[in-house]
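**Q** everything below, folded, please.
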Amino acid sequence: MSTLPQTRVEKTVWVSQHTLEVVLPCSRLRLSFLEEGLVRCRYVTGPVFEDIPSYGRAPEYRPEPPPLAAEAHEEYLQVATARLTLRIRLADGGLEFYDAEGVCLCADGEGFGHRLNDRTGEDLVWVRKKMPEKAHFFGLGDKPGKLNLRGRRLEMWGADHYKFTPASDPLYKSIPFFVCLNEGRQYGIFFDNTMRSYFDFGRERPDLLLFGADGGVMDYYFILGRDAVDTVATYTRLTGLPPMPPLWALGYHQSKWSYYPEQMVQDLADEMRRRRIPCDSIHLDIHHMKEYQALTWDRTSFPDPPGMIRRLGDQGFKVVCIVDPGIKINPNNYVWRSGFERNVFCRRHDGALLHGTVWPGECNFPDFTSPDTRKWWAGLFHRQVAEYGVRGIWTDMNEPAMFPDKTFPDDTRHAFDGYSCSHLKAHNVYGQCMAQATRRGMEQSAPQRRPFVLSRAGFAGLQRWAATWTGDNDSDWENLQMANGMVQRLSASGVSFCGADTGGFLGHPTPELFCRWMQMAAFHVFFRNHNNGEFGGQEPWCFGDMVEDLVRKAIEDRYRLLPYIYTQFHLYHSTGVPVIRSLALMLHENTDMYWRGTEFFLGDALYVIPVHYKGQSEQKLFVPPGTWYCYHTDRPVPVSNTEFITPTPMSHIPVLVKAGCVVPRWPVQQYVGELPAPPCTLDLWWAPDTEESSRLYEDAGDGPEAEHFGAYLLHEFRYRSTARGFTLRAGRSGSMPAPRAEFTVALHGLPQDAAPRAFADGRETHGRFDEKRVFRFPVPSGFCTLELNF
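**A** Modelled structure (predicted):
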């Protein structure tokens, strides 16, 4: 790949108070300072900067331009905020980014390059940056393999990759955002380009960081958060904060290719309830449809869809139905006919309708990059959602995929929201636009409920529209390890509402593998057991009584933790802070963490260590700074900020809980809403001389009232302890009435000689130790100060 000769800056012009234009002989560069740690860097090779729509940057994002200090030097022009300094080299226009301490974080090598592609008329664009010897890289969505991407070259081009391996690339999603960690320093880069793009983290040359695309514009955002987690949060705010899900969607989902006929679905539901295995959702794959045609029902297998959905609802189950973008060419089918009449289907360069084969046979495909198409698609869900009561839509095959193992031809035309283009530019956003239209359809069909949309494909900002999963994995230990890493990587890419096909989609897991996978997935935000039924059953009771009991316990633990997980999701929704956090991101100043990928944080207080290997009886883990306890046993962890070996009995995987943090828990329910106002326990693990903050978020669990009318309750707790007691202060916001009169405080880990006395707002409240020596006592739900001494 050749680059143009480096040439001097011709001039610089402030085109607005916070945007600097740099004119080079063969290109122009605009630098927009959006926040004190966020700079947009946009190059063009033509005379003007076109206002082409961004599918990544959220339209609701509002910059907070910072005060700037500009200085002219002999060799560079410098522009600084309170957090970030940017130098533009006058000799070649190269960019250098520094932190507030004057340390260079990222510097152009050869910098921006471009070359005309005669076949497409687009410029190939790229940037070459210097790569320090100790720089490491994380992110890029659902890439398999080790979390640390150093030494790899990866592409963004959504692909249906059946039975992927650690080396498979590209996969289903294209999320062009990464975080660099380098000897305790960090930054992120979001490359906002929808074309086929690539990222080379030292594969071509060990001293070179290269990213570019086969067309479009070199438009990237340099992000410097307060720490690595804040960098991810800033990227998430930029690309769109996620909506709050319906609370039930954080429960357990049971799925298979496929549950049919109707009686099998009812039998599944009855068996779940009979065996007392909590479950909130049953997913129906393509066999519920008539000849696999989108938004239809096979009335032979499902003679009464609304009746079935109503009966399942009475048992607490919500039905999620699959839909694919391929619409069977069938004039007798309303979906195809209405789409044809409205001219919403994709066409080739000469105007012929695009057609290809997928599950229903020969199909046409909607152009979801057209606003008219999205409006038409949204209007198709009224019967499913408003009349029948379907509670979730699962969009599949939307990379887009066609048989056999291909996608749309390059010359397929797309509206691209007013900037007509070929499939080369629209491919990576096709699935996300489908998810957007689907969510809009659910919103307008049932405005009193929150939508649940699940999408296999997506681009930057997918979190605005849908949850996701990692695709067609295999049932083996290597895939369990990949699932752990891919969920962590997606979360570091702004998409926390994610999970894997638990147990594996292809093949049949051993009882031990299934148990360990379910134990891990119970701590993922999206928790679904989905498999290919051709390999046999994968319901929790298919692996013997012992595994059934252990899996039931893991699911029950998940349901106890729902208020905690929902609270962490609210933090993600309001600030962009991911729910799942990799050890490297949480402790980015510790370079020993850069190659660790097993352990992860679930929110602020829980630290999860999955079991990755067959027959594994113990696990070496890193214990983060702070005071920690074993979550399942209350055993204190004797060390911190070092490695520790813990046993891994089949009863549970290792999970640590941070002392001083409030972990809200409910009693086990068979489904969300079984108890209208579940009693809530505030679990707290004792640590002396400690300060911690935590929270509990509550709302109705569904509907728009919390967002539109402030009908929520946010409790914020601050714990401060001494050698012989602690104070827990609580503040509250929101207008929702308290759902209960009191909390139960459960205090774990008190010294053996402790004789505690508790006071809520100055009044003594009496408690007792239970059989596990947890001290339990009631406090009013509106308490302001809780004091405990012993």
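**Q** going forward, measure contacts and count neighbours with C-alpha atoms only.
**A** Noted.
**Q** list the buried ones in whichever strand in the chain runs longest?
**A** Among the segments of the chain that qualify as a strand by DSSP state E, the longest is strand 104-116. Along strand 104-116, these residues count as buried under the neighbour rule (16 or more other CA atoms under 10 Å): L105, C106, A107, D108, G109, E110, G111, F112, G113, H114, R115.
**Q** dump the very next helix or strand once past it to CSV, keeping only the CA atoms.
**A** Next helix or strand after strand 104-116 toward the C-terminus (DSSP states H and E): strand 123-130. Only the C-alpha atoms of strand 123-130 are listed here, as CSV (Å, rounded to 0.1, in the frame of the first residue of the first chain):
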residue,chain,number,x,y,z
ASP,A,123,-10.7,6.6,-2.4
LEU,A,124,-9.1,3.9,-0.4
VAL,A,125,-8.3,5.7,2.9
TRP,A,126,-6.0,4.8,5.8
VAL,A,127,-4.1,6.2,8.7
ARG,A,128,-0.7,4.9,9.9
LYS,A,129,0.2,5.6,13.5
LYS,A,130,3.3,4.7,15.5
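**Q** for whichever helix or strand comes after strand 123-130, packing partners?
**A** The first helix or strand that comes after strand 123-130 along the chain, using DSSP H and E, is strand 135-139. On a contact count with 3 or more CA pairs under 8 Å, 6 or more residues apart in numbering; DSSP states H and E, strand 135-139 meets strand 177-182, helix 477-491.
**Q** can you convert those into a markdown table and add a column each for mean pLDDT?
**A** Converted to a markdown table, these look like this (pLDDT from 0 to 100):
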| stretch | mean pLDDT |
| --- | --- |
| strand 177-182 | 98 |
| helix 477-491 | 98 |
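**Q** adding mean neighbour count, write these out as a markdown table.
**A** Below are those laid out as a markdown table (neighbours: other CA atoms under 10 Å):
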| stretch | mean neighbour count |
| --- | --- |
| strand 177-182 | 23 |
| helix 477-491 | 26 |
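**Q** looking at the ones you listed, which is nearest to I322?
**A** helix 477-491 (21.9 Å; CA to CA).
**Q** tell me the pLDDT at T7?
**A** Confidence at T7, expressed as pLDDT, is 69.
**Q** part of a helix, is K614?
**A** No. Judged by DSSP: H, G, I helix; E, B strand; the rest coil, K614 forms no part of a helix; its state is coil.
**Q** re earlier: tabulate the helices and strands packed on strand 135-139 (JSON lines), appending distance to P756.
**A** Formatted as JSON lines, the helices and strands packed on strand 135-139 follow (distance: least, CA to CA, whole Å):
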{"stretch": "strand 177-182", "distance to P756": "45"}
{"stretch": "helix 477-491", "distance to P756": "40"}
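**Q** out of the helices and strands in this protein, which is least certain?
**A** helix 705-709 (a mean of 91; mean pLDDT, DSSP states H and E).
**Q** next, the buried residues of that helix.
**A** Buried, per 16+ other CA under 10 Å, within helix 705-709: E705, A706.
**Q** dump that helix to CSV, restricted to CA.
**A** Below are the C-alpha coordinates for helix 705-709, written out as CSV (Å, rounded to 0.1, in the frame of the first residue of the first chain):
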residue,chain,number,x,y,z
GLU,A,705,-43.4,6.1,32.8
ALA,A,706,-39.8,6.1,34.2
GLU,A,707,-38.4,7.8,31.1
HIS,A,708,-41.3,10.2,30.4
PHE,A,709,-42.6,11.0,33.9
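**Q** need the residues that contact that helix.
**A** D699, A700, A711, Y712 (CA atoms under 8 Å, 6 or more residues apart in numbering).
**Q** tell me the bridge partners for the residue lying closest to V13 once chain neighbours are set aside.
**A** Spatial nearest neighbour of V13, excluding adjacent residues (CA to CA, 6 or more residues apart in numbering): E21 at 5.1 Å. Note on E21: beta-bridge partners by DSSP bridges are V13, R30.
**Q** relative to V15, how far out is E21?
**A** 6 Å (CA to CA, to the nearest Å).
**Q** what do you get for C542?
**A** With CA to CA as the criterion, C542 and V15 are 66 Å apart.
**Q** who touches the helix or strand that contains V547?
**A** Using DSSP H and E, V547 sits within helix 545-560. Contacting residues not belonging to helix 545-560 are listed as 251-252, 276-278, 511-512, 515, 518-519, 522-523, 540-542, 650-652, 665-669 [CA under 8 Å, 6+ apart].
**Q** among the residues you listed, which are in helices?
**A** By the criterion of DSSP state H, membership of these in helices covers P511, E512, C515, M518, Q519.
**Q** any stretches of the protein with poor pLDDT?
**A** 1-7 (pLDDT under 70).
**Q** now do the helices in it.
**A** 228-239, 262-274, 305-314, 334-341, 371-378, 423-445, 477-491, 511-521, 545-560, 562-575, 583-586, 705-709.
**Q** pipe those helices into a markdown table and attach distance to L171 per row.
**A** Shown next, in a markdown table, are those (distance: least, CA to CA, whole Å):
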| stretch | distance to L171 |
| --- | --- |
| helix 228-239 | 21 |
| helix 262-274 | 31 |
| helix 305-314 | 34 |
| helix 334-341 | 29 |
| helix 371-378 | 25 |
| helix 423-445 | 11 |
| helix 477-491 | 11 |
| helix 511-521 | 21 |
| helix 545-560 | 29 |
| helix 562-575 | 25 |
| helix 583-586 | 23 |
| helix 705-709 | 34 |
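**Q** wait, which of those helices is closest to P409?
**A** Using CA to CA, the helices of the chain put helix 423-445 closest to P409, at 7.1 Å.
**Q** please name every helix or strand in contact with that closest one.
**A** helix 371-378, strand 392-395, strand 413-414, strand 453-455, strand 458-459.
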